[in-house]
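Undergrad: whatever this is, show me its structure:
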Amino acid sequence: MIEIKYIEKLLFLTYLIFVILGIKEFTIWSQITDILVPNDMELNIDTIIGMIATNHPHTLRVMLITPFYIISEYFNYDIKLFFSIVLVILIFITYWVNVSILEKYIARKKLLFFLIFLIALSSIMNGRILFSILGNTVLLLLLYNNFYVKEKFKWYKNIFLFIVSLCLVSVSSGTFTVFLFTIFIFYILQNLVQLPYISKKILWMFILFILMILLILPVIIVFIEKNLNYYDGSVLQMLSHGAGGYLLEYFYLIFPILSIFILLLPIGFFYIKRNNFLILPLSMIISSITIGLFGYSSLVSGISAYLIFIYMFIYTKRYKSLQYV
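TA: Sure thing, here's the model as predicted:
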């Protein structure tokens, strides 16, 4: 029988060939192409400096994609092909990050579905959201390694991965919000299941979270203003941009389901209290669904959390030993 690692490599090479042959292409979205110019790095650098000076709402995402333009110009690569190839690599990095969270308790062959699902999902997506999916997946890894295992990352690795993941989710104001909201919900849920005690470690995390919010508050304000201005200040119009449009249109069907869900919350709370490892993906699920009401990209950005939750729920007995430490 073929080893799983060879099947993974075969899938990677096959997808890569599809991209090279032009069967699948990831496109750089218009917010970038309207600002950056291929093969003119001097002009692009001047543009970025101007964006930073004027606190432009797209500054972070433009800075994230700028290296693609630099490398493609330096090596004389086609920017579209180079972008697509890198995104295939990002898909497989996302898979490997998820594997690092799950493989201690679940056989690698059972995680292959994770990779197949990511490939299938990416085949109908543009390139933008893949950055956010990876960024949010790295956040899950950070939370996992800092709160559920004894051998934790070194502080400098935590800071580096946090900055990288924050930059990745900055491609969208919605996914950026999902990232921050996930941390906040994680704090709330962890303290709820530990009442009447409050963990010092989780308290320190919340303090750091508040400091982080204060540091990037100007960016958050710009994002909020940009979205409100785009929808003429109407929150209802913002809902129509995402899954919230269905909430408004089919409220008479959704309301009874929400009512039943609310009634079952106490049961869910005690289940989560007994299996607190589920708080890890659940925090991002709640965040992405909530923010996803205003944009589908935000909803999809939490896909790793959805799949991790399903795996952990199915294999609950194996995860009994994985508790908050």
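Undergrad: what about the stretch 1-150 of the chain, any weak spots by pLDDT?
TA: Confidence mapping of the stretch 1-150 of the chain against pLDDT under 70 gives the ranges 1.
Undergrad: so where do the helices sit in it?
TA: Under the criterion DSSP state H, counting those that start in this stretch, the stretch 1-150 of the chain carries helices at the ranges 4-20, 30-33, 41-53, 59-74, 79-102, 108-122, 128-147.
Undergrad: who does the fifth one touch, helix- and strand-wise?
TA: Under the contact criterion of 3 or more C-beta pairs under 8 Å, 6 or more residues apart in numbering; DSSP states H and E, helix 79-102 touches helix 4-20, helix 59-74, helix 108-122, helix 128-147, helix 303-314. No exception for glycine: its C-beta is placed from N, CA and C like everyone else's.
Undergrad: what's the burial count for residue 27?
TA: 14 (other C-beta atoms under 10 Å).
Undergrad: returning to that earlier point: hey, which of the helices of the stretch 1-150 of the chain is tucked in deepest?
TA: Among the helices of the stretch 1-150 of the chain, ranked by average contacts under mean count of other C-beta atoms under 10 Å, first place goes to helix 128-147 (a mean of 23).
Undergrad: for the helix or strand just after that one, C-alpha coordinates in CSV please.
TA: Of the helices and strands lying after helix 128-147 in sequence (DSSP states H and E), the nearest is helix 155-169. C-alpha atoms of helix 155-169 as CSV (Å, rounded to 0.1, in the frame of the first residue of the first chain):
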residue,chain,number,x,y,z
TRP,A,155,8.2,33.5,22.7
TYR,A,156,10.0,34.7,19.6
LYS,A,157,8.3,32.0,17.5
ASN,A,158,4.9,33.0,18.9
ILE,A,159,5.5,36.7,18.0
PHE,A,160,6.8,35.8,14.5
LEU,A,161,3.8,33.5,13.7
PHE,A,162,1.3,36.0,15.1
ILE,A,163,2.6,38.8,12.9
VAL,A,164,2.7,36.5,9.9
SER,A,165,-0.9,35.3,10.5
LEU,A,166,-2.1,38.9,11.1
CYS,A,167,-0.6,40.0,7.8
LEU,A,168,-2.2,37.1,6.0
VAL,A,169,-5.7,37.8,7.2
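Undergrad: relative to helix 59-74, how tilted is helix 155-169?
TA: For helix 155-169 against helix 59-74, the angle by axes from the mean of the first three to the mean of the last three C-alpha atoms, to 10 degrees is 90 degrees.
Undergrad: helix 155-169: which residues count as buried?
TA: 161-162, 165-169 (16 or more other C-beta atoms under 10 Å).
Undergrad: got JSON lines for those, with distance to residue 304 and pLDDT too?
TA: Shown next, in JSON lines, are those (distance: C-beta to C-beta, whole Å; pLDDT from 0 to 100):
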{"residue": "161", "distance to residue 304": "15", "pLDDT": "90"}
{"residue": "162", "distance to residue 304": "17", "pLDDT": "88"}
{"residue": "165", "distance to residue 304": "12", "pLDDT": "92"}
{"residue": "166", "distance to residue 304": "16", "pLDDT": "88"}
{"residue": "167", "distance to residue 304": "17", "pLDDT": "88"}
{"residue": "168", "distance to residue 304": "12", "pLDDT": "93"}
{"residue": "169", "distance to residue 304": "12", "pLDDT": "92"}
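Undergrad: in those residues, find the pair that's most separated.
TA: Using C-beta to C-beta, these span at most 12.6 Å, a distance reached by 161 and 169.
Undergrad: residue closest to the middle of this structure?
TA: In the chain, the centroid-proximal residue (C-alpha atoms, centre = their mean) is residue 136; its distance is 2.6 Å.
Undergrad: find the nearest non-adjacent residue to that residue, please.
TA: What sits nearest to residue 136 in space, not counting adjacent residues and going by C-beta to C-beta, 6 or more residues apart in numbering, is residue 301, at 5.3 Å.
Undergrad: tell me the pLDDT at the one you found?
TA: Per-residue confidence (pLDDT) for residue 301: 92.
Undergrad: ok, now the one 5 residues further on?
TA: Per-residue confidence (pLDDT) for residue 306: 95.
Undergrad: distance check, the closest residue to residue 117 other than its chain neighbours against residue 56.
TA: Leaving aside its sequence neighbours, residue 117 sits nearest to residue 307 (C-beta to C-beta, 6+ apart; 6.7 Å). Separation of residue 307 from residue 56 (C-beta to C-beta, to the nearest Å): 35 Å.
Undergrad: neighbour-wise, which of the two wins?
TA: Shown here are residue 307 and residue 56; by other C-beta under 10 Å, residue 307 has more neighbours (19 against 16).
Undergrad: tabulate the helices of the stretch 1-150 of the chain (CSV), appending distance to residue 186.
TA: Below are these laid out as CSV (distance: least, C-beta to C-beta, whole Å):
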stretch, distance to residue 186
helix 4-20, 30
helix 30-33, 30
helix 41-53, 31
helix 59-74, 23
helix 79-102, 15
helix 108-122, 22
helix 128-147, 6
